[in-house]
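Peer 1: Got a predicted structure here, sequence first:
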Amino acid sequence: MKAAIPLSAILLLATFACYSVADQQRPDHFKGEQAATLQDAIELFRTNNQNLQQLLQGELTPQAMVEIHQLTYTLENALEKIHSETTQLKEVLEEVHLASESMDFAKVKKQAKHYLDTANTLVK
């Protein structure tokens, strides 16, 4: 007589299969809007945060969840651009710092202008 596979063994195998599939890197469903500049990234960040806030004010329906899911891609892109730009900004500020220590007037003037142009974009 053939031995039957116990139901618990089948459930255990199915559970491992599900976790295995979930652990695989999932493909991106949406690309989201890309920001070419820091100003664009800040605007996308601001607008999509407002959109998220509005969606959270109402009932979370399946449609709202789809909209939230889609706008997170744009928010992630905006944050990546902001992070990239602020990392560069930190490096420029360090150049201003070091140039001020060595009394390099020309470098301070040039790099501080670059720093302020970018920094002012963040605080508008």
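Peer 2: Received it, and whenever you're ready, just let me know what you need.
Peer 1: Please state the offset of the regular element (helix or strand) spanning Gln54 from the chain centre?
Peer 2: Under the assignment given by DSSP states H and E, the secondary-structure element containing Gln54 is helix 38-57. Relative to the centre of its chain, helix 38-57 is centred 12 Å away, using Cα atoms, centre = their mean, to the nearest Å.
Peer 1: for the helix or strand following it, what is the average pLDDT?
Peer 2: Moving toward the C-terminus from helix 38-57, the next helix or strand (DSSP H and E) is helix 62-101. In this model, helix 62-101 carries a mean pLDDT of 96.
Peer 1: re the thing from before, and the helix holding Gln54 with helix 62-101, angle?
Peer 2: Compare the direction of helix 38-57 with that of helix 62-101 by axes from the mean of the first three to the mean of the last three Cα atoms, to 10 degrees and you get 140 degrees.
Peer 1: what does helix 38-57 contact?
Peer 2: Contacting residues not belonging to helix 38-57 are listed as 33, 35, 64, 67-68, 71, 74-75, 77-79, 81-82, 85, 118, 121-122, 124 [Cβ atoms under 8 Å, 6 or more residues apart in numbering]. The C-beta positions use only the backbone N, C-alpha and C, and glycine is treated the same way.
Peer 1: Mind checking which of these are buried?
Peer 2: Listed as buried from the contacts of helix 38-57 are Glu33, Ala35, Leu71, Thr74, Leu75, Asn77, Ala78, Lys81, Ile82, Glu85, Thr118, Thr121; burial here means 16 or more other Cβ atoms under 10 Å.
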